[in-house]
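K.L.:
Here's a sequence, model it:
(chains A, B, C and D)
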2 protein chains.
Amino acid sequence: MTPAPPATPAPTPDGMGVQPVPPRRLAELPSWLLSRAAGVGAGVVGEALAAHGVRRHHFSVLHALAEGGAVSQAELGRRLGLDRSDLHVVLGELEASGLVERSPDVHDRRRNSVDITEPGRARLVELDAAVDSAQRTLLARLDDAERAEFRRLLVVLLGDSIPAPAE
Amino acid sequence: MTPAPPATPAPTPDGMGVQPVPPRRLAELPSWLLSRAAGVGAGVVGEALAAHGVRRHHFSVLHALAEGGAVSQAELGRRLGLDRSDLHVVLGELEASGLVERSPDVHDRRRNSVDITEPGRARLVELDAAVDSAQRTLLARLDDAERAEFRRLLVVLLGDSIPAPAE
DNA sequence: TCCTGATCGTTGGTGACACCAACGTTGGTG
DNA sequence: CACCAACGTTGGTGTCACCAACGATCAGGA
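P.N.:
Numbers count the residues shown, from 1 in each chain, chains lettered A, B, ... in the order given. The predicted structure follows:
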């Protein structure tokens, strides 16, 4: 297929506005498309969250705590696929904002028990709405059936590499 | 929707090996799944390329040049959705490796005409093989029909936001 | 009991990638 | 000529992923 058109012999004044076309080979690569789509997704979601003063990791942490209750930092990192060191910073910021609480674990003094606060839950409600809106923006070009199938394929593709790609 | 299951009352000894489970809410978010999948893709592709001494941007640039012929740096950036400044670095590395050539544009002295070299084309053959292999790894859990549909959905989702999400 | 190894939180660093601001140079236009 | 746009370049910021090391703590076996 594609007998390889001998490279645009067209003059292509280079600067003009035919609109930029990526190399065909890249536009066919699943990994490239995936990276682009993820970039768009991170953009719209990040923007939506930034309007409420948080980043994506903060949102993830708040949800993990809201759903799973108080856990240690290490366990939190395991569930979200986040490195302990990165989590340390995120938790510091969340704690400074009063959205989470860190308290020493009475059963194991190595651990910090982290939990979401009431202000954290309140903030999470706003964030959820913003993120849902961002999802709609992201998936705007897909109909309902396509959205469902898209999500299904992503889940299948990821398989057990959720949440931590690292072995 | 989602009447909010009252948070796992299960004790969950926290440290134990049930395998980390991300919050349900996140596992349903298309943007989150997308980000994860893109991370996995970037991982396998990046690893494959690193074995040949290049990163993903180098691969993109080489392909753009191989398909489109010599172009200016700015036009290259437009086609690939890369910032001029980032491209500057990438081109410097590629030129140092002898895979591309920069020469002043005779018709417009502002521009550099960038083209791929013969060693560049040779390297690209290796890179293509490695990247194809990485795609197979990435899509291993999807059958042929699913892979086609997955790619189609990505293209539809991206719409005209290829290659530059930035307006 | 003591020793050993694993886990915890913390600190500090690296690399890839996206994006932005500014500069001097050059081209095109009024 | 004066002006603005585009070019390549330099230098910076922010997000995210990942890694190495430290002291403190816990659990298990000798």
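
K.L.:
low-scoring stretches of chain A, by residue?
P.N.:
Within chain A, the ranges that satisfy pLDDT under 70 run A:1-19, A:163-167.

K.L.:
again, 80 this time
P.N.:
Low-confidence segments of chain A, defined by pLDDT under 80, span residues A:1-20, A:160-167.

K.L.:
mind listing the helices in it by residue range?
P.N.:
Applying DSSP state H to chain A gives helices spanning A:24-28, A:30-50, A:56-68, A:73-80, A:84-96, A:118-138, A:144-158.

K.L.:
Would you format those helices as a markdown table with distance to residue B:149 and mean neighbour count included?
P.N.:
C-beta here means a position set from N, CA and C on the backbone, and glycine is covered the same way. Putting the helices of chain A into a markdown table (distance: least, CB to CB, whole Å; neighbours: other CB atoms under 10 Å in any protein chain shown) gives the following:
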| stretch | distance to residue B:149 | mean neighbour count |
| --- | --- | --- |
| helix A:24-28 | 14 | 17 |
| helix A:30-50 | 11 | 21 |
| helix A:56-68 | 27 | 23 |
| helix A:73-80 | 29 | 22 |
| helix A:84-96 | 34 | 15 |
| helix A:118-138 | 18 | 16 |
| helix A:144-158 | 7 | 17 |
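
K.L.:
got a markdown table for those, with distance to DNA strand C too?
P.N.:
Output for those, formatted as a markdown table (distance: least, CB to the nearest atom of the strand, whole Å):
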| stretch | distance to DNA strand C |
| --- | --- |
| helix A:24-28 | 12 |
| helix A:30-50 | 5 |
| helix A:56-68 | 13 |
| helix A:73-80 | 3 |
| helix A:84-96 | 3 |
| helix A:118-138 | 14 |
| helix A:144-158 | 19 |
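
K.L.:
With respect to residue B:112, which of these lies nearest?
P.N.:
Nearest to residue B:112 among the helices of chain A is helix A:24-28; the distance by CB to CB comes to 21.7 Å.

K.L.:
Report the separation between the residue lying closest to residue A:66 once chain neighbours are set aside and residue B:24.
P.N.:
Excluding the flanking residues, the one nearest residue A:66 by CB to CB, 6 or more residues apart in numbering or on different chains is residue A:116, at 5.4 Å. Taken as CB to CB, to the nearest Å, the spacing of residue A:116 relative to residue B:24 amounts to 16 Å.

K.L.:
go on, residue A:157?
P.N.:
Looking at residue A:157 against residue B:24, where the rule is CB to CB, the gap reads 19 Å.

K.L.:
go on, residue A:33?
P.N.:
From residue A:33 over to residue B:24 the distance is 27 Å, taken as CB to CB.

K.L.:
and what of residue A:81?
P.N.:
The span separating residue A:81 from residue B:24 equals 15 Å under the rule CB to CB.

K.L.:
got it, and residue A:75?
P.N.:
Here the distance between residue A:75 and residue B:24 works out to 16 Å (CB to CB).

K.L.:
before we move on, what about residue A:123?
P.N.:
As it turns out, when the distance is counted by CB to CB, residue A:123 lies 19 Å from residue B:24.

K.L.:
Likewise for residue A:79?
P.N.:
Distance, residue A:79 to residue B:24, by CB to CB: 11 Å.
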